[in-house]
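Colleague: need a structure here:
(3 chains)
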Amino acid sequence: MRVTFTVNGRPQEADDVWEGESLLYVLRERMGLPGSKNACEQGECGSCTVRLDGVPVCSCLVAAGQVQGRRVDTVEGLAGEDGELSAIQQAFVDAGAVQCGFCTPGLLVAADELLEHNPSPSDGDIREALSGNLCRCTGYEKILDAVRLAAARTGQGV
Amino acid sequence: MTATQGRVRPRAIGTPLDRLDGRAKVTGSARYAYEQPVGEPVYLHAVQATVARGRITGIDTEAAAAVPGVLAVLTHRNAPRLADTRDAELAVLQSDAVAFRGQFVGGVVATTSEAARYAASLVRTTYDTQPHDSVLRPDRDDLYAPESVNGGFATDTEQGDVEAALASAAVTVDQTYTTAMNHNNPMEPHTTVAVWNDGELTLYESTQGVHMVRSQVAPLFGLQPDEVHVVSPFVGGGFGSKGTPHAPVVLAAMAARLVPGRAVRFALTRPQMFFVAGYRTPTVQHIRLGADRGGRLTAISVDAVSQTSRIKEFAEQTAVAARMMYAAPHRRTTHRLARLDVPVPSWMRAPGECPGMFAAEVAMDELAEACGLDPVELRIRNEPATDPETGRPFSSRNLVACLREGARRIGWERREQAPRSRREAGHLVGLGVAASVYPVFWMPGSSATVRAGAGGRYTVSIGAADLGTGTWTALAQIAADALEVPVERVELRIGDTAFPPASVAGGSSGITAWGSAVVHAARRLRETYGNAPPDGAEATGETGDNPATERFAMYAFGAQFAEVRVDEETGEVRVPRLVGVFAAGCVINPKTARSQLVGGMTMGLSMALHEESHVDGRLGQVANHDLAEYHIAANADVGDIDVSWIDEDDPHVNPMGSKGIGEIGIVGTAAAVANAAHNATGVRVRDLPITLDKLLGDPGAGNGPAVRRR
Amino acid sequence: MEFLRPATWQEALAAKAEHPTAVPIAGGTDVMVEINFDHRRPDHLLDLNRIAELEEWETGEDTVRLGASVPYSRIMAGLRTELPGLALASHTVASPQIRNRGGVGGNLGTASPAGDAHPALLAGGGAVEAESVRGSRLIPIDDFYTGVKRNALAPDELIRAVHLKKATGPQQFSKVGTRNAMVIAVCAFGIALHPDTRTVRTGIGSAAPTPIRAKAAEEFLAAAMDEAGLWDSGKPVPPAVAKQFADLVSGAANPIDDVRGTATYRRHALGVMARRTLGWTWQQYRDHQGSKSCA
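Modeller: The predicted structure is shown next:
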């Protein structure tokens, strides 16, 4: 089947999509957007987190056909057109929140959504928002630091 | 001063440089193995054995081959014959024998991954099933002693007269400890993209060592090493499971041979990672300690049992840390293996030390309790002057400083010596301590090339790996200091066999081995060309030998402390605080180093509380083979982790003075948590993981006859 | 495989009638796992995402008609007052990403004993609105779970909504897991006080082949509280009564040993959760009584 939807603000189309195919697969294999990672295929790790009509979801659990006509935002859409990193991306680099990088895209999308609707989250809010994203390298500490850092910088208008 | 000796003057070294691969990773543009652009790829999906032991009597591929898009169905009947089948784990599809459940018995290549997966499910295999034996039990009569254990260490050691010393000891501990089977579970599943062109094989591989893959894969296919090209710039974690090739890379290379010129993409699914990508063996450790009334050890005895597979031996070096950790005149260690119908065990972060130090450090806590001593003090009293095993001096050993600093940081003085003495908000609260150790391995065999470019820039090439550890950054810092230029003027190239050979990222030896080669190359360049080398000037250096390894015992040490809160009624455990203090030589990059240590401790916490691969003995497989049921610590499980290190200047280990920090963080964490849980509840958990039901046990139940005081 | 994309509820019912083996997919959090793992390859997937009314709820005099696909995250945020037990349970479902997609209809359709919504649904009381082209019916929640991962739906039926009694008293939900987030329950317990009928209802998850109520415990507690006049006096529940209630809850369970926990542990933990949640809800009831009498 054919599926058409908007990815990072651009209309995209995929043909010959298998009916059981996930949004994750379509993004990675058909649209050349491998930033969202495939690590468990069962919604247990959050590595494939994207926003569907603004809401964070595991793209491995969304059937491609369900996305028809909808809006999807992925890690590839976070930086500016000029390549300038967004506040949360820059904070991840600065705080040392990145190690192997495989969980990073999903965490960035989840954290970006948090900061969008809650610009000064409490530690509890951050933990809650990121509770669906597993990381095997960092121990999470620097990831929480990065979100705090991004919130602080954004709050100061930096 | 030769090129491999003499310290590098630290300038970039020691600074918290931001990760140089950070930008690529936060924008989603870092290309991991699966994502390498390879034209129009095809896809491979594996067929796995559904019995734990037997022979394949029939394999019907007709339905699979008929699925639209299927290009080939591989089975043992039509698979390419390998030139070398001595490594049974890598001898994929070479016979009809099934040695463990989940073993590859076939594979389907198709134009889409969906077609490959579907067709793989249609392959019908029949078996002549034989009885299998897949659960480790220590009371079997066919345990055997391997020739040596992992790392080339002696299987058994004995000094003095342990039995006599134990018999006459004022205080003894005699207990058995078990650690669970664990699966590494890096976030990135094991991935190979394989393509054959003109008889040569290119592998985009998720690996801890490109040259290691080349050297092991080439002979399988009858190729010269330089006919195998391995590319691996970004790796999504490995923790040992990508430290040696497993069956998937062989299956992918075989499949690719059937479609020459086309790349075959093969990523394991998460469930498949529980069958064919290595794991940490469960261990059973019988520990006996003898001490005088003041807690000074007179005897240490460790008998460790672990499992190996029937087709290939892997001997976890569980007891090696007990050989050097504490002073005691009488000591013995043994390793025995049970040969089971199970997947081949492999490396997982700090193999040997990690499970071994759980048991040893809980035993030390039991000894402290039996002697009425503070457990920190007990360890200090047993600090050896020289390596008890070899008699050599330590190149540096700062365990005591780590213990004291850690005690200060956690507020050890608030710890009640008597268990079950502290209650806060309905929770039992306790503090625990354990020591950490990890050897400094000297891994020879790496070379690096430094090439001068225009404008005072340098390109440094070495086939090293960055699994998320920080190699891209730390190695650039080392190169900059060795060349005495700012780090911005160094361009590092790693992760490709096109670059000079590098040893595997394992044994916490990567930065020390590769860094030594880089330093050597930089010094050679300077020796030959001076400070203004012409554009294109080049020099190559090697890791070489370090004669000091013959004169000194070289280890990193650490002390870990845990605060544990236990719900008295449900047994739910929370670990709000962990403190780790390490003495690991020179820290190349404090930012990436801290992440490594915090991450190691978190994995140790995860091992303590969550991780257990449950083997279903009837089926002969891990029952909880996915991330829904195999739990690793989530961020809500991790509290405050306070990591620090003491300044340690070790002139002997290598030109940077660094000791390696990838593994020591996980060593001792689980023991600190278990000891804190005992301090909180009075329940001694000797079997990992510390699940809810275990902490509801009878307080003090385990402290009966097995601890003796005279 | 065919992907059916009905635009309306009537179209969905017609599609289900035509293809009774079609697998409905809304949040996808169960169905897609099975497809991804190739455990299931249905001939037809029936996408319900386009049917807006499934993601809405209506609040009536005494009940809430909760659309089958209202995501857990919206139940947590929007129905805390009307359905406090379900809101609490929703908060423990998997992860934020899953809660943004999954809804009660999926939990009911799958009917796993570990589904987090079930104990709250059983304790709160209500009925499942099942519909087919043949018509609509309300299946009392007590009759809905018929076996391990089996329910009372006919092959041509879809879940339109659940009709849940608005809380008339405090409700609680408690779950024990081996991890702090993204955890399948070792066991779970829901309790709802119903002051209007002077009854207490319960729900037990992950401790029997299906989600169940602890009816003997409910009956004992109702009788004991009646006898002691506690609903009127608002006095504390005597510890002996709480203990007996807890023991009866433990006894109602029929758990197994599995990788998540032992049967013995599950019974024990259920007793602890029963006693604790009874204490919490009763305290809330007393506080409420107190504030009413002050006013």
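
Colleague: So which residues of the stretch 1-150 of chain C form helices?
Modeller: Remark: helices assigned in the stretch 1-150 of chain C by DSSP state H, counting those that start in this stretch are C:9-18, C:31-36, C:72-78, C:84-91, C:96-99, C:104-110, C:117-124, C:141-144.

Colleague: Packing partners of the first one?
Modeller: Which is helix C:9-18. Packing partners of helix C:9-18 (3 or more Cβ pairs under 8 Å, 6 or more residues apart in numbering or on different chains; DSSP states H and E): strand C:44-47, strand C:126-132, strand C:158-165. No exception for glycine: its C-beta is placed from N, CA and C like everyone else's.

Colleague: Nearest to chain A, out of those?
Modeller: strand C:44-47 (5.5 Å; Cβ to the nearest Cβ).

Colleague: Reformat the helices of the stretch 1-150 of chain C into a markdown table and put mean neighbour count next to each item.
Modeller: As requested, the helices of the stretch 1-150 of chain C are exported to a markdown table (neighbours: other Cβ atoms under 10 Å in any protein chain shown):
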| stretch | mean neighbour count |
| --- | --- |
| helix C:9-18 | 18 |
| helix C:31-36 | 23 |
| helix C:72-78 | 20 |
| helix C:84-91 | 25 |
| helix C:96-99 | 27 |
| helix C:104-110 | 24 |
| helix C:117-124 | 29 |
| helix C:141-144 | 18 |
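
Colleague: that older thread, format the helices and strands packed on helix C:9-18 as TSV; extra columns: distance to chain B.
Modeller: Listed next are the helices and strands packed on helix C:9-18 as TSV, based on distance: least, Cβ to the nearest Cβ, whole Å:
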stretch	distance to chain B
strand C:44-47	14
strand C:126-132	26
strand C:158-165	24
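
Colleague: low pLDDT regions in chain A?
Modeller: A:156-158 (pLDDT under 70).

Colleague: Format the helices of the stretch 1-150 of chain C as JSON lines; extra columns: mean pLDDT.
Modeller: Formatted as JSON lines, the helices of the stretch 1-150 of chain C follow (pLDDT from 0 to 100):
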{"stretch": "helix C:9-18", "mean pLDDT": "98"}
{"stretch": "helix C:31-36", "mean pLDDT": "95"}
{"stretch": "helix C:72-78", "mean pLDDT": "97"}
{"stretch": "helix C:84-91", "mean pLDDT": "97"}
{"stretch": "helix C:96-99", "mean pLDDT": "97"}
{"stretch": "helix C:104-110", "mean pLDDT": "95"}
{"stretch": "helix C:117-124", "mean pLDDT": "97"}
{"stretch": "helix C:141-144", "mean pLDDT": "97"}
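
Colleague: Which of these sits closest to residue B:136?
Modeller: Ranking these by proximity to residue B:136 (Cβ to Cβ) places helix C:31-36 first, at 30.7 Å.

Colleague: can you map out the helices along chain A?
Modeller: A:23-25, A:87-95, A:104-117, A:123-129, A:141-155 (DSSP state H).

Colleague: Figure out which of these is closest to residue B:460.
Modeller: Of all those, helix A:87-95 comes closest under Cβ to Cβ, at 22.1 Å.

Colleague: so what secondary structure elements neighbour that closest one?
Modeller: Against helix A:87-95 (3+ Cβ pairs under 8 Å, 6+ apart) you get helix A:104-117, helix A:141-155, helix B:22-26.

Colleague: same for the helix or strand where residue C:246 lies, what does it pack against?
Modeller: Using DSSP states H and E, residue C:246 falls within helix C:239-252. Packing contacts for helix C:239-252, counted by 3+ Cβ pairs under 8 Å, 6+ apart, involve strand C:199-205, helix C:215-228, helix C:263-294.

Colleague: try 6 Å this time
Modeller: helix C:215-228, helix C:263-294 (3 or more Cβ pairs under 6 Å, 6 or more residues apart in numbering or on different chains; DSSP states H and E).

Colleague: And those helices: which comes nearest residue B:14?
Modeller: Nearest to residue B:14 among the helices and strands packed on helix C:239-252 is helix C:263-294; the distance by Cβ to Cβ comes to 49.7 Å.

Colleague: In the closest one, which residues are buried?
Modeller: The neighbour-count check on helix C:263-294 (16 or more other Cβ atoms under 10 Å in any protein chain shown) flags C:265-278, C:281-282, C:284-286 as buried.

Colleague: just stretch B:213-229 next, same as before
Modeller: In stretch B:213-229, counting by 16+ other Cβ under 10 Å, buried: B:213, B:214, B:215, B:216, B:217, B:218, B:219, B:220, B:221, B:223, B:228, B:229.

Colleague: Verify the stated contact: the last one with residue B:201.
Modeller: Which is residue B:229. No. Between residue B:229 and residue B:201 there is no contact under Cβ atoms under 6 Å: 7.2 Å.

Colleague: Now mean pLDDT and distance to residue B:96 too, for the helices and strands packed on helix C:239-252, in JSON lines please.
Modeller: Output for the helices and strands packed on helix C:239-252, formatted as JSON lines (pLDDT from 0 to 100; distance: least, Cβ to Cβ, whole Å):
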{"stretch": "helix C:215-228", "mean pLDDT": "96", "distance to residue B:96": "56"}
{"stretch": "helix C:263-294", "mean pLDDT": "91", "distance to residue B:96": "41"}
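
Colleague: how about those in CSV, adding distance to chain A?
Modeller: As requested, these are exported to CSV (distance: least, Cβ to the nearest Cβ, whole Å):
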stretch, distance to chain A
helix C:215-228, 32
helix C:263-294, 20
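
Colleague: how about these in a markdown table, adding distance to residue B:191?
Modeller: Output for the helices and strands packed on helix C:239-252, formatted as a markdown table (distance: least, Cβ to Cβ, whole Å):
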| stretch | distance to residue B:191 |
| --- | --- |
| helix C:215-228 | 52 |
| helix C:263-294 | 39 |
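
Colleague: Just tell me which of these ends up closest to residue B:619.
Modeller: Of the helices and strands packed on helix C:239-252, nearest to residue B:619 by Cβ to Cβ is helix C:263-294, at 20.6 Å.
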